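K.L.:
sequence first, then the predicted structure, then my questions.
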Amino acid sequence: ALSAPSSLRGVGGATPCFVTFELWTRPPDGCTEPAQLVAGDLGCVVGRSYTSFSGFHTASGSGSVQLALTGALLQRAGFGWWDLGQEHGYKSGL
């Protein structure tokens, strides 16, 4: 289930708040290997606006998955604007 983190639900004032969005692997049940961070984004929230400063990915396709899930979480949390930063083909394709 996809839900907005409590840290986003409480945001909404004019004071800037730095946040991260992270995408982790989930090892199969019974696996002893730790989860791995495969994509993420660092940005700033002011009011109902989110500005993405920088993102990364370490596995093919994980950045696109992280962006799509970030958008869904922002929408569920009631955000009205998402500044994705520089224009790139993979962003407009989402």
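P.N.:
Perfect, I can see it now. Residues are numbered from 1 along each chain as shown.
K.L.:
now do the buried residues in stretch 47-60.
P.N.:
Tyr50, Ser52, Gly55, His57 (16 or more other Cβ atoms under 10 Å). Glycine gets a C-beta too; all of them are placed from N, C-alpha and C.
K.L.:
spatially, what comes nearest to the first one if we skip its sequence neighbours?
P.N.:
The spatial neighbour of Tyr50 that comes closest, neighbours along the chain excluded (Cβ to Cβ, 6 or more residues apart in numbering), is Trp82 at 5.1 Å.
K.L.:
cool, the second one as well?
P.N.:
Across the structure, with Cβ to Cβ, 6+ apart as the measure, the residue nearest Ser52 apart from its sequence neighbours is Gly43 (4.4 Å).
K.L.:
local confidence estimate at that neighbour?
P.N.:
You'll see Gly43 listed with a pLDDT of 92.
K.L.:
in a strand, it, correct?
P.N.:
Yes. Using DSSP: H, G, I helix; E, B strand; the rest coil, the assignment for Gly43 is a strand.
K.L.:
I figured it hits Leu67, correct?
P.N.:
No. Taking contacts as Cβ atoms under 8 Å, Gly43 lies outside contact range of Leu67: 11.6 Å.
K.L.:
tell me the secondary structure for Gly40?
P.N.:
strand.
K.L.:
near it, how many other residues are there?
P.N.:
19 (other Cβ atoms under 10 Å).
K.L.:
and it, how far from Phe21?
P.N.:
6 Å (Cβ to Cβ, to the nearest Å).
K.L.:
pull up the overlap in contacts between these two.
P.N.:
Gln66 (Cβ atoms under 8 Å, 6 or more residues apart in numbering).
K.L.:
quick one: residues contacting Gly40.
P.N.:
Per Cβ under 8 Å, 6+ apart, neighbours of Gly40: Thr20, Phe21, Glu22, Leu23, Gly55, Phe56, Gln66.
K.L.:
one more time with 10 Å, if that's ok
P.N.:
20-24, 54-58, 62-63, 66, 70 (Cβ atoms under 10 Å, 6 or more residues apart in numbering).
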